[in-house]
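Asker: I'd like to go over a predicted model; first the sequence, then the structure.
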Amino acid sequence: MHHFTPWRALGGGVLLGVAASLLWLSTGRAAGVSGILAGLFAPRSDERRWRALFLAGLVAGGLVLRMMLAPSAFAAAERGLPLVVTAGLLVGFGARLGGGCTSGHGICGLGRLSLRSLIAVGVFMASGFLTVALVGGSR
């Protein structure tokens, strides 16, 4: 519990809320990353630009964090590329299976008081708790 940083968590939550709100107000779309990525490869080309820019911003933010602000935040990625790729594929599969990802359900769906999103977030959280119990937390 010594790594808990409430002010950073609050700041991150505010940034996520503002970003999701701006996307909703500017496009009428929820900030569900799996849906944004899937839509990038959909036949409708009129939405590709904003989707690509949104995803590029996520990647750029991660690169800035990794290179400049907090390289230690990516310590789990040092366990090896195959593990990271496998984890990413499992998350992608789960997002498709659950009809959305944690950002779509957790940030946007709960904000709209969606029962479906409440159930999905409960499943996400229970799965995370179970994984940590089986695999172990940070060492």
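Answerer: Happy to help now that I have it.

Asker: which one is the residue nearest to the spatial centre of the chain nearest to, not counting chain neighbours?
Answerer: The C-alpha lying nearest the average C-alpha coordinate of the chain belongs to residue 103 (CA atoms, centre = their mean; 5.0 Å). Spatial nearest neighbour of residue 103, excluding adjacent residues (CB to CB, 6 or more residues apart in numbering): residue 33 at 5.0 Å. For every residue, glycine as well, the C-beta is placed using N, CA and C.

Asker: which stretches of this structure form helices?
Answerer: Taking DSSP state H as the test, the helices found in the chain are 6-27, 33-40, 48-64, 81-97, 102, 110-111, 115-135.

Asker: residues making contact with the fifth one?
Answerer: By that I understand helix 102. For helix 102, the external contacting residues (CB atoms under 8 Å, 6 or more residues apart in numbering) are 95, 121, 124.

Asker: out of the residues you listed, which is nearest to residue 107?
Answerer: For the contacts of helix 102, the minimum distance to residue 107 (CB to CB) is 9.7 Å, reached by residue 121.

Asker: many thanks, have a good one.
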